[in-house]
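Participant: next input, structure requested:
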Amino acid sequence: MLTALELHERAKDASRAWHFRPARRLLLKALERAEDSGTRAAVEGTLGLVEAELGDRRAGLRLIDSALAHEEGMQPSEVGKLYAQRALIHTRLGNTQQALTDFGVAIPALVDDQEECGRARMNRGNLFLHQGAITAAIHDFEQSVAAFDAAAQVNASAKVTHNLGYALMMSGQLARGLSLMDRVAPQLREMSVELAAISDQDRGEALLLAGMHEVARRNLQGAADLFGRRRWPRAQAEAELVLARTWVVDAPRIAITMARRAGRRFAKTGASARVLQCEAVEVAGRIELGRESPQSASRIAAGLARQGLRRDATWMRVYAAKAALGTRRSTAVVRLPASTDLSTRLLAYEVRAQAKERPRDALRVLRAGLDELHQWQATFGSLDLQTATVSHGERLAERGLALAVDDGSPRLVYEWVEWLDAVSGRIVPVRPPADPEAAADLTELRVLSQRRPEPGTPDAQRQHELVDQVRRRSWRDAGSAAIRGIVSLGDLQHELAATHAELQAPLTAGGSAWMLLIGPRRQQLVRLGPEAEFRQAISGLPADLDMAAADLPPMVAESVAAGLRQRLAELDALLFGPLGDRPKSRRVVINPTGLFSGLPWSLLPSLHGRAITIPRSASEWVAKRRQTHEFANAAFVAGPRLPRGAHEVGASAAHWPGAQQLIGPDATADAVGSVAGTVDLLHLAAHGHHVSDNPLFSNLELVDGPWFGYDLDQLPQVPETVILSACELGATTIRRGDELLGLTTAWLHAGARCVIASPASVSDEVAAAILPDMHAELAKGSPPADALAAATARHPELLSTFQCYGAGW
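Facilitator: As a prediction, this is how the structure comes out:
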């Protein structure tokens, strides 16, 4: 027969695995067999926690208080355990101050028991985290990890390491926090399904902070569904509360419905503080819909503050100020503690800007908010994170650009386009060191891609794991924390004059499309027409371009080409008709945003015959333009299954004596990686694939599998100019906030001065005719954009969508 101590140990193991009902049965038996007051007190303490987890927190407190009645005859560590357990139940009840008092007694008493001290610090850290006292939480979690490591409690250490990562993430240290959570995620997954779900839930929040909303919501919904199936209403409600908050801005009605549902679950478990948090989300949603008073938000904020929930209280006070805008009670002055999270700070900037009567004052506030966001983005070395996190400033950016357009000043609009245009292009890049583990994962991915595994198979699952692993590993790279300044309008005009060029920046604001024109001696902002007209004109363009590039019978091909030219003429008329005349300069810098990104500018009649370059921003163009184009050596690659590849590469390489050529079996990922890091000019002819939902996995098909955007991080240096003779690889995914991401962007971010690629499908005939002619011009010393324009002009009958990105001259 098992002793009381043995039953107690088994019960604790069951409780840690979330099996609370079996744990209670074991503990009741242990109480029957307890032979001394010390054992009985220890069992009552654990039983109290189990009763609390099963929903009867008052019964749990009574059990622990009963055990503490015999405090005088116990060892200090035994007393410390009971106080730590009581503190945990008070935490569940929302009695924050009493919980902190009990933890204050418990932790010093447990100094000689590393395992229990680590557990008490972990639980107090969770309480601090819940309050929004992030610095205190991080300190307790760090001490807890050290204690668990000293006690050789590997699994407990993994749990609190995850919590530490979460706290670091909440403090703004996203990359470090994600790194810690990812490090222990496999271990938590092996420990239990429940811990895996909690890990997914918290990593979902991290993904939300990273700006990856869709993936984050899938993680959070998955965790909520799992807890629902397991019939753990509190854990399900926790996931639903976080998920509801993610919808407040994007879909307030969904947020309100989810928060109400979570609130009902919390109410059944007696979690009054959590119920109040759910009410806060409901109020915020109604304020977004314009259906709530500031008094309601202020009342909720006061209640949250009384519960010690400082982070939520601050968030609600900002929403109270938002609700008060335009009323006699209007006030945009909300004092933000230093620990306020970024999303709440950005919301406060938005509210302050709305409260300003003078547009220029509002713009200063919006600029300050975006500057804070950009400084945070610059701490990331990952292009993926840099572009995704722009979404946090989306509303500030839209408001700022609209105010600038309303002002009508071309200078002001230019400044705001630069503020918003490809922030990642203004962050001083840091080349990450080659990572052998990442390289090994990418090699394994290539092998699996060659096998084309069926969905649901072990190979397909491993492929999914590797994609996630490679992406997350890249997030750990540290950024420079430095941002290049915006080039002044005067300096831009000087560069335009020096290169006989003008800049065109099409944009949308306030339901209209606009064109910002900047020449050496003029600036002009022109309204082009309703945004809806442009959306309609652009909507069918990608399909038409793909059809025109297909291998069709001559009569069908002529009809398709005629239809495409007609669509392009209509779009051209919309874009350039209101300008009065066509561009006069022989060179044009196109700086498109949002809706206008990804257009085949070289096909528009008004730009025919002109050299065009498409930088990520005007400031980046000026910075890179000042570097001279010098090609000391070149390399050419022809991938498999490309009938014209060897001919195109051979004809192009003929203009470069001594050029390296990788054709057929020689065109492996390792070989391409080796040559790419040593040449100034790299021409890649291969089948290409743009992966819209994970753009840095866009790839070129080589003989041993795909060569990904992530492979660029393994290069010691990158070529000055890259030619991507592959379908789709000039394509980009437009992320929230108008940030673009694709293989072209990846090359520019890695350090390439310019990239020649196509945003749409390219026919073999076009590539084989135009690119060798372009190389003939390059070899004579022509800059890339000029060389491409000259080569394209020699073949007026061909519909070429090749374009120059970056600094083309």
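Participant: quick one: low-confidence parts of the stretch 651-800 of the chain?
Facilitator: 727-740 (pLDDT under 70).
Participant: mind checking the SS state of Leu396?
Facilitator: helix (DSSP: H, G, I helix; E, B strand; the rest coil).
Participant: cool, Pro643 as well?
Facilitator: Assignment for Pro643 (three-state DSSP): coil.
Participant: and for it, the neighbour number?
Facilitator: Pro643: 9 surrounding residues under other C-beta atoms under 10 Å. Yep, even glycine has a C-beta here, placed from its N, CA and C like the rest.
Participant: Ser763 is in contact with that one, correct?
Facilitator: No: Pro643 is beyond contact range of Ser763, at 11.7 Å (criterion: C-beta atoms under 8 Å).
Participant: which stretch of helix or strand covers Trp514?
Facilitator: In this assignment (DSSP states H and E), Trp514 forms part of strand 512-518.
Participant: contacts for that strand next, please.
Facilitator: Outside strand 512-518, the residues that touch it by C-beta atoms under 8 Å, 6 or more residues apart in numbering are 405, 410, 413-414, 417, 489, 492-493, 496, 502-508, 523-531, 533-534, 574-575, 578-579, 595, 618.
Participant: with adjacent residues omitted, what lies nearest to Arg234?
Facilitator: Thr269 (4.9 Å; C-beta to C-beta, 6 or more residues apart in numbering).
Participant: separation between the residue nearest to Pro665 when sequence neighbours are not counted and Leu724?
Facilitator: Nearest non-adjacent residue to Pro665, counting by C-beta to C-beta, 6+ apart: Val703, 5.8 Å away. In this view, Val703 and Leu724 are 17 Å apart by C-beta to C-beta, to the nearest Å.
Participant: downstream of whatever helix or strand Phe148 lives in, the next helix or strand is which one?
Facilitator: Using DSSP H and E, Phe148 falls within helix 134-150. Tracing the chain C-terminally past helix 134-150 and defining elements by DSSP H and E, one meets helix 154-170 next.
Participant: please compute how far that next one lies from its chain's middle.
Facilitator: Offset of helix 154-170 from its chain centre (C-alpha atoms, centre = their mean, to the nearest Å): 21 Å.
Participant: mind listing what's buried in that helix?
Facilitator: If you call a residue buried by 16 or more other C-beta atoms under 10 Å, then helix 154-170 has these buried ones: 156-170.
Participant: just stretch 505-518 next, same as before
Facilitator: Ala505, Pro506, Leu507, Thr508, Ala509, Ser512, Ala513, Trp514, Met515, Leu516, Leu517, Ile518.
Participant: helix or strand: which one has the second one?
Facilitator: Assigned by DSSP H and E, Pro506 belongs to strand 501-509.
Participant: and that strand, what other elements does it pack with?
Facilitator: Under the contact definition 3 or more C-beta pairs under 8 Å, 6 or more residues apart in numbering; DSSP states H and E, strand 501-509 sits against helix 394-407, helix 410-420, helix 489-498, strand 512-518, strand 587-590.
Participant: out of the ones you listed, nearest to Ile663?
Facilitator: Ile663 lies closest, by C-beta to C-beta, to one member of the helices and strands packed on strand 501-509: strand 587-590, at 34.1 Å.
Participant: run a quick neighbour tally on the residue nearest to Arg234.
Facilitator: Thr269: 20 neighbours (other C-beta under 10 Å).
Participant: what about Val703 and Leu724, which has more around it?
Facilitator: Legend: neighbour count by other C-beta under 10 Å for Val703 and Leu724, higher for Leu724 (26 against 20).
Participant: can I take it that the more buried one is in a strand?
Facilitator: Yes: counting by three-state DSSP, Leu724 is found in a strand.
Participant: in the sheet, who's paired with it?
Facilitator: Beta-bridge partners recorded for Leu724 (DSSP bridges): Leu684.
Participant: list the contacts of it.
Facilitator: Leu724 neighbours (C-beta under 8 Å, 6+ apart): Leu684, Gly688, Leu700, Gly730, Leu743, Thr744, Trp747, Val755, Ile756, Ala757, Ser758.
Participant: Glu777 contacts Arg794, correct?
Facilitator: No: applying C-beta under 8 Å, one finds Glu777 not in contact with Arg794, separated by 9.8 Å.
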